[in-house]
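In: Prediction below, plus the sequence it came from.
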Protein chains: 2
Amino acid sequence: MPRPIRKSTAAPLRPPAQAAESFRRSRRDRAVETAQDYVEAIADLTVSPGEARVVTLARRLGVTHVTVNRTVARLQRAGYVRAKPYQAIFLTEAGRKLAAECKRRHETVVAFLRWLGISEKIAELDAEGIEHHVSPETLAAFERLLRKR
Amino acid sequence: MPRPIRKSTAAPLRPPAQAAESFRRSRRDRAVETAQDYVEAIADLTVSPGEARVVTLARRLGVTHVTVNRTVARLQRAGYVRAKPYQAIFLTEAGRKLAAECKRRHETVVAFLRWLGISEKIAELDAEGIEHHVSPETLAAFERLLRKR
DNA sequence: CTTAAATTGTATCTAAAGCTACATATTGAA
DNA sequence: TTCAATATGTAGCTTTAGATACAATTTAAG
Ligand SMILES: [Mn+2]
Ligand SMILES: [Mn+2]
Ligand SMILES: [Mn+2]
Ligand SMILES: [Mn+2]
């Protein structure tokens, strides 16, 4: 069996580290996806049925009420929501701010995909994931094109 | 304190379920992000330094070698790689197929962002996350625009 | 006022993905 | 040939995020 190659020249640390930066950013984005989706959903429900309840959130997000419970507890520790047992869930000021940002970004991504000719359905499906990885620069580029259409 | 509202009319089950579909898709995409990034990196390293080793992968991805070890074990169980102790890591046929798809998609997303006027650096950062949430339809739309430029 | 249905909470399990600390194996050079 | 540096493996911890099963509370009817 062939012996593994081991390069004698010390591998340059810059290229790997540079690539690693993208992966780190991506993982960081992933870690906050949940928080963003929750505050956006809570903001929506606070308007539409009138308040955000555990089961309503669970149905909206497609998870069990148990998952919602624990995530809401975490969001409360993070300062995004206020929640008391058997009560509706409310956004804090920070939560409302984050929700507004996410909603705007979500809508921009959907509109941009629609502008590309993607169907409503698929645009919505893709946007729910893409939105969390769009930098301010890219979002600005999307908006620029939408204004010029 | 105001009592929580409880609507007497049964809440319609369709709208929530429809929104839930996007979140489910997004979570499913998230679950396979790691596998996609790994096989793509393994394919790259197999070409460039000549083989994919644990530490090289770790440096490339920005994680510890321990994380690489466990993920590689999982990818092996999933049938994407072959790995034996103290040896280099190889892609299976399924792994090569997945890697090729991911590489093509990655490059298309980067090229599209560049076409939008995004800088190389930021395009690369955003693409690393966005790529995993781009449907075939949206990818096709990106390619269409790139051809027409 | 009672009570059944709905909602909410909790205990407990699983898996992925990160980490540190430490052990073992391999390699390159003295 | 020895041995220190590097690479690899492993044990065990944490957090997040999903689940099921069951308990407790609240609400809506009757
Ligand atoms: Mn989302
Ligand atoms: Mn969204
Ligand atoms: Mn990626
Ligand atoms: Mn990639």
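Out: Nice, thanks for sending it over. Numbering: from 1, shown residues only, chains lettered A, B, ... in the order given. Ligands and ions are numbered 1, 2, ... in the order given.
In: Phi first, then psi, for A:Thr64.
Out: phi -80, psi 160 (degrees, to the nearest 10).
In: Show the pLDDT at it.
Out: A:Thr64 is assigned a pLDDT of 98 by the prediction.
In: Please apply the same query to A:Leu75.
Out: 98.
In: How about the secondary structure of it?
Out: helix (DSSP: H, G, I helix; E, B strand; the rest coil).
In: A:Tyr38 is in contact with that one, correct?
Out: Yes. Shown here, A:Leu75 and A:Tyr38 form a contact pair, counting by C-beta atoms under 8 Å, at 6.0 Å. All C-beta spots, glycine's among them, are computed from the backbone N, C-alpha and C.
In: overlap in contacts of those two?
Out: The contact sets of A:Leu75 and A:Tyr38 overlap at A:Val81 (C-beta atoms under 8 Å, 6 or more residues apart in numbering or on different chains).
In: Break chain A down into its domains, please.
Out: A:19-94, A:99-148 (automatic domain parsing).
In: Any part of the shortest one near DNA strand D?
Out: Right, the one you point to is domain A:99-148. No. Applying C-beta under 7 Å from any atom of the strand, one finds domain A:99-148 separated from DNA strand D by no less than 10.8 Å.
In: How far off centre is that domain?
Out: 12 Å (C-alpha atoms, centre = their mean, to the nearest Å).
In: what's the nearest residue to A:Ala43 if we skip its chain neighbours?
Out: A:Ala99 (3.8 Å; C-beta to C-beta, 6 or more residues apart in numbering or on different chains).
In: quick one: what helix or strand has the closest residue to A:Ile122 other than its chain neighbours in it?
Out: Counting by C-beta to C-beta, 6+ apart, B:Glu137 is the residue found nearest to A:Ile122 once chain neighbours are left out, at 5.2 Å. Using DSSP states H and E, B:Glu137 maps to helix B:136-148.
In: Show me where chain A has its strands.
Out: A:81-83, A:89-91 (DSSP state E).
In: Buried deepest among these, which one?
Out: strand A:89-91 (a mean of 20; mean count of other C-beta atoms under 10 Å in any protein chain shown).
In: And for it, what's in contact with it?
Out: So strand A:89-91 is contacted by A:39, A:42-43, A:46, A:51-54, A:57, A:72, A:80-83, A:99 (C-beta under 8 Å, 6+ apart).
In: Quick one, which of these are buried?
Out: A:39, A:42-43, A:46, A:51-54, A:57, A:72, A:80-81, A:83, A:99 (16 or more other C-beta atoms under 10 Å in any protein chain shown).
In: and A:Phe23, how far is that from A:Thr56?
Out: Applying C-beta to C-beta, to the nearest Å, the value for A:Phe23 to A:Thr56 is 36 Å.
In: ok, which residues in chain A are in contact with ligand 1?
Out: A:Asp37, A:Glu128 (C-beta under 5 Å from the ion).
In: in chain A, what spans have low per-residue confidence?
Out: A:1-17 (pLDDT under 70).
In: Looking at it, which residue is nearest ligand 3?
Out: In chain A, the residue that lies nearest ligand 3 is A:Ser26 (5.4 Å; C-beta to the ion).
In: Packing partners of the helix holding B:Glu137?
Out: helix A:120-130, helix B:93-115 (3 or more C-beta pairs under 8 Å, 6 or more residues apart in numbering or on different chains; DSSP states H and E).
In: any idea of the angle the longest helix seen in chain A forms with helix B:120-130?
Out: Longest helix of chain A, by residue count under DSSP state H: helix A:14-47. Orientation of helix A:14-47 against helix B:120-130 (axes from the mean of the first three to the mean of the last three C-alpha atoms, to 10 degrees) gives an angle of 60 degrees.
In: Tell me if helix A:14-47 is near DNA strand C.
Out: Yes. Judged by C-beta under 7 Å from any atom of the strand, helix A:14-47 comes into contact with DNA strand C at A:Arg27.
In: just checking, what packs against that helix?
Out: helix A:54-61, helix A:65-77, strand A:81-83, strand A:89-91, helix A:93-115, helix B:14-47, helix B:54-61, helix B:120-130.
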